[in-house]
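S.K.: here are the coordinates; sequence isn't available:
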DNA sequence: ACTTGATCTAGACCTCGCTCTAGATCCTAG
DNA sequence: CTAGGATCTAGAGCGAGGTCTAGATCAAGT
């Protein structure tokens, strides 16, 4: 293999924004908040140069955020990594706890989905047979509204 | 069957809070925001008396909110219902659009889950064989950090 | 009558997670 | 050299979705 095939030069903030989906504002914000593992390298002129490792970490962050991990947890994780070896158990615990939350979230969403699907079905059927029965009817308040609620 | 088995008396705000999981504050807030279908009935003394239909609607709201529908959409839906028959297509559209969003969300979460699961696996293995290889190592920055990233 | 607790209104306040602004600086192309 | 765009810092601002407070009122038990 030739020299340094996997070059992966340091990237500018704009490039990192592109590949992570975060805005440049958000990237600076994350840094200020201590969500990054190391201080980002700078050029002579003061511009940020993100190492591949920074980008990898940010990509994980994106996934964790997307799945609802609060910034404080992300920060904690970054702190632990910064502290170095010895706290892997706590890191694992953070991830594991979050994983459970994500699973619960998926469950909850599945349930929501089925409720919504049912409701969509009610409306679809209603429309299919030409504006017939009473869906939610504000004039019928106080008694059963129909709509198939059990 | 005896008379009115399915009595379902009107409920106080506290009781509704209990059965919907919303706080009494949130219930009043929702009402102010026009998220309810009708104005809630009041006792002579001015206390709210929620009809069963109000509770049904709130339970749907909870599911929609839980799955990320913004309050503005919920409000729109409530408006449509308030307007009465004739706009069922738009109601269906709102629900249907949301349903798609929920499905996309579930997909995204599944993906997050697998990323996290992989990460958890890396840590678990690491811990199992006694603090060996380099996970995220802040001292190793600038070159490959290991941790199995591909 | 008195106490206790739930509820009332209006409106201020809060957290989260960014986003945007201002004004300066860096850098690349022409 | 100059113009343009990307980036910099510090800090203000924002939208969503409630939450909380104050001060008053209602309702039930003793």
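M.R.: Received it, and whenever you're ready, just let me know what you need. Treat the numbers as computed from the prediction; the structure is a model and nothing was measured.
S.K.: Can you report the mean pLDDT over the residues of stretch A:108-128?
M.R.: On average, the pLDDT along stretch A:108-128 is 93.
S.K.: Does at least one residue of it sit close to DNA strand D?
M.R.: No - Stretch A:108-128 is not in contact with DNA strand D by C-beta under 7 Å from any atom of the strand; minimum separation 14.1 Å. The C-beta positions use only the backbone N, C-alpha and C, and glycine is treated the same way.
S.K.: That stretch near chain B at all?
M.R.: Yes - Stretch A:108-128 is in contact with chain B by C-beta under 8 Å from any C-beta of the partner chain, via A:108-113, A:115-117, A:119-120, A:123-124, A:126-127.
S.K.: Out of those residues, list just those in helices.
M.R.: Per DSSP state H, helices hold the following members of the residues of stretch A:108-128 next to chain B: A:108-113, A:115-117, A:119-120, A:123-124, A:126-127.
S.K.: My read is that residue A:28 contacts residue A:13, right?
M.R.: Yes - judged on C-beta atoms under 8 Å, residue A:28 makes contact with residue A:13 at a distance of 7.4 Å.
S.K.: The two: which has the busier surroundings?
M.R.: The residue with more neighbours, out of residue A:28 and residue A:13, is residue A:13; 19 against 14, by other C-beta atoms under 10 Å in any protein chain shown.
S.K.: Hmm, the more buried one is touching residue A:55, no?
M.R.: No - with contact defined as C-beta under 8 Å, residue A:13 does not reach residue A:55; the gap is 11.2 Å.
S.K.: residues touching the residue nearest the centre of chain A, list them.
M.R.: Closest residue to the average C-alpha location of chain A: residue A:66 at 0.3 Å, with C-alpha atoms, centre = their mean. Contacts for residue A:66 (C-beta atoms under 8 Å, 6 or more residues apart in numbering or on different chains) come out as B:108-109, B:112.
S.K.: any idea how far residue A:128 lies from DNA strand D?
M.R.: To DNA strand D, residue A:128 is 31 Å away according to C-beta to the nearest atom of the strand, to the nearest Å.
S.K.: what do you get for residue A:121?
M.R.: With C-beta to the nearest atom of the strand as the criterion, residue A:121 and DNA strand D are 25 Å apart.
S.K.: Give me the number of neighbouring residues for that residue.
M.R.: Neighbours of residue A:121 using other C-beta under 10 Å come to 13.
S.K.: Stretch A:74-85 close to DNA strand C?
M.R.: No - contact check for stretch A:74-85 against DNA strand C, using C-beta under 7 Å from any atom of the strand: none in range, with a minimum separation of 8.2 Å.
S.K.: touching chain B at all, that stretch?
M.R.: Yes - judged by C-beta under 8 Å from any C-beta, stretch A:74-85 and chain B are in contact via A:81-82, A:84-85.
S.K.: Those in strands, which ones?
M.R.: Among the residues of stretch A:74-85 next to chain B, the subset assigned to strands under DSSP state E is empty.
S.K.: Where do the helices of chain A begin and end?
M.R.: In chain A, helices defined by DSSP H lie at A:13-20, A:24-32, A:52-66, A:71-83, A:88-128, listed in chain order.
S.K.: any idea how far DNA strand D is from the nearest residue to residue A:116 once chain neighbours are set aside?
M.R.: Nearest non-adjacent residue to residue A:116, counting by C-beta to C-beta, 6 or more residues apart in numbering or on different chains: residue B:99, 4.9 Å away. Counting by C-beta to the nearest atom of the strand, the gap from residue B:99 to DNA strand D is 17 Å.
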